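A.B. asks: no sequence for this one, just the structure:
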């Protein structure tokens, strides 16, 4: 994957919020064992919390979650000099910077997703509050405490994607045996951005069943994979506000990397790797084959968002 060297980057929605050592979810939330992912996947790994908030089902997490699914702005007090801020991304100015720096590549991918979905949804689109990177753990504005162990996730209450960038090497590559490659990182962000689109369209409100091969939770995750595929297919033709296409080269090898990542984060793959067995009744994100299938469906959708409707009768 290569970026247009002359394209300008917008860092206004990408922030580093610092963090601290430690693990587990605060406020009475679930605690994950070190080096493990609950249910597996690219992640709303706080999924039970999110579903409980969005649909009124699931555990009572009143002390952890609050607000509505329409979201709220980020708490600016968390971005002062003592807790991080924009400094990590301050030197990300152009596509050339993105070609030479992984942090700037993150900014560039977010910019491309922002441009694509702004065009795709038109008046229905609202900017996400941003991508918040952190180290170790950090408090979110509505979804408890984000930790390294839970992996990347989207919080609908503050409309923010949370990411400890050590996830790629420590968990995806280290724990799950996947590949840490530039477009794998892009696929992760595109999937989480897909959850923001679902939030805007009210899809999260359709979630009732939380586990099982045909559960609403699985449908939610597969649709986000499909949305990631939609963006990937159009990434080389999506212009920014200045008319410049940000992603100038996306190769077959990049797509292969994304498909490999989709395979690695399937529920069946993770169950086999972690426990040596598969129980579809515990699935929350879908099998490897399903995740690959729906990513490919998005890539062949010709920008028709209806092609990604996993909630349609008989879709899965």
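C.D. replies: Looks like it came in fine. What you see is a predicted model, and the numbers here were worked out from it, not measured in a lab.

A.B. asks: Centre-most residue in the protein?
C.D. replies: Most central in the chain under Cα atoms, centre = their mean is residue 192, positioned 1.9 Å from the mean C-alpha point.

A.B. asks: just for the stretch 51-200 of the chain, where's the confidence low?
C.D. replies: Across the stretch 51-200 of the chain, residues meeting the criterion (pLDDT under 70) sit at 51-86, 171, 173-176.

A.B. asks: Tally up the residues packed near residue 107, please.
C.D. replies: By the measure other Cβ atoms under 10 Å, the count of residues near residue 107 is 24. Any C-beta I mention is one placed from the backbone N, CA and C, and that applies to glycine too.

A.B. asks: which residues touch residue 216?
C.D. replies: Residue 216 sits next to 51, 206, 207, 208, 209, 210, 311 when contact means Cβ atoms under 8 Å, 6 or more residues apart in numbering.

A.B. asks: And residue 234, how far from residue 223?
C.D. replies: With the distance defined as Cβ to Cβ, to the nearest Å, residue 234 ends up 17 Å from residue 223.

A.B. asks: between those two, who's got more neighbours?
C.D. replies: Between residue 234 and residue 223, counting by other Cβ under 10 Å, residue 223 is the more crowded of the two (27 against 20).

A.B. asks: what's the pLDDT at the more buried one?
C.D. replies: What the model reports as pLDDT for residue 223 is 98.

A.B. asks: How about it: what's its closest non-neighbour residue?
C.D. replies: residue 310 (4.3 Å; Cβ to Cβ, 6 or more residues apart in numbering).

A.B. asks: thinking the one you found is in contact with residue 316, fair?
C.D. replies: Yes. Look at residue 310 against residue 316 with Cβ atoms under 8 Å: they come within range, at 5.7 Å.

A.B. asks: Comparing these two, which residue is more hemmed in?
C.D. replies: Applying other Cβ under 10 Å to residue 310 and residue 316 shows that residue 310 carries more neighbours, namely 22 against 16.

A.B. asks: Between residue 310 and residue 316, which contacts overlap?
C.D. replies: Common contact partners of residue 310 and residue 316 (Cβ under 8 Å, 6+ apart): 219, 222.

A.B. asks: How many residues are close by residue 242?
C.D. replies: 9.

A.B. asks: Name whatever forms a beta bridge with the residue nearest to it when sequence neighbours are not counted.
C.D. replies: Counting by Cβ to Cβ, 6+ apart, the nearest residue to residue 242 once its immediate chain neighbours are dropped is residue 8, at 6.6 Å. Per DSSP bridges, residues listed as beta-bridge partners of residue 8: residue 94.

A.B. asks: which ones are touching residue 8?
C.D. replies: Neighbouring residues of residue 8 by Cβ under 8 Å, 6+ apart: 93, 94, 240, 242, 244.
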